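Trainee: predicted coordinates and the sequence they were generated for:
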Amino acid sequence: MIVPSRLAALLAQLAVAVLALSACGSSPAPSPPPASDSGVHGVSMIRGGPALGNPRPEPGTRIAVYQGSLDGPLVARAKADADGRFSLALKPGRYTLVQMSDAARPKTVRVPPNGYVNVKLFIEAK
């Protein structure tokens with residue numbers, strides 16, 4: 001059995017803890033998702049190599065998107081569909097896109113407000 005004075009002490013400690021936590025403030029809200037009215041529509045292509053068709057779509061390719069240049073932060077990733085197509089919603093700004101391949105050629109684009117940029121990315125196969 002809890003003694004009334006001990007119960008009062010526990011409740012007082014709990015109240016102090018709740019007040020201390022509420023005084024800490026709330027964490028900042030997460031950044032909003034990119035606007036869906038701007039971004040990139042693209043197709044992943046490959047040139048060369050033993051397969052027929054030149055250039056041809058490259059299905060399943062993984063694409064990395066960096067803010068600014070390849071030295072900038074990675075801001076998005078995509079995977080090309082069965083036809084080599086991909087689409088990304090991005091905030092307006094400058095981005096460099098590159099397929100995840102040693103033979104890929106990076107492409108830098110500027111995403112306008114309220115618009116999508118169309119891009120073709122190429123892998124140069126030997």
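Mentor: Right, received. Where do you want to start? Given the structure is predicted, the values throughout are model-derived calculations rather than measurements. Numbers count the residues shown, from 1 in each chain.
Trainee: so how far is residue 40 from residue 76?
Mentor: 9 Å (CB to CB, to the nearest Å). For every residue, glycine as well, the C-beta is placed using N, CA and C.
Trainee: quick one, which of the two is more surrounded?
Mentor: Neighbour comparison, residue 76 and residue 40: the larger count goes to residue 40, with 23 against 17 (by other CB atoms under 10 Å).
Trainee: who's in contact with that one?
Mentor: Contacts for residue 40 (CB atoms under 8 Å, 6 or more residues apart in numbering) come out as 65, 86-88, 90, 95, 97, 109, 111, 116-119.
Trainee: look up the residues that both of residue 76 and residue 40 are in contact with.
Mentor: Taking CB under 8 Å, 6+ apart as the contact rule, residue 76 and residue 40 both touch 65, 88, 90.
Trainee: those residues in strands, which ones?
Mentor: 65, 88 (DSSP state E).
Trainee: which other residues reach the helix or strand where residue 121 lies?
Mentor: Following DSSP states H and E, one finds residue 121 within strand 116-124. For strand 116-124, the external contacting residues (CB under 8 Å, 6+ apart) are 38-48, 55, 58, 61, 63, 87, 97-99, 101, 103-105, 107, 109-111.
Trainee: need the buried ones from the residues you listed selected in PyMOL.
Mentor: Filtering those down to the buried ones (16 or more other CB atoms under 10 Å) takes a single PyMOL command:
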select buried, resi 38+39+40+42+43+44+45+46+55+58+61+63+97+98+99+101+104+107+109+111
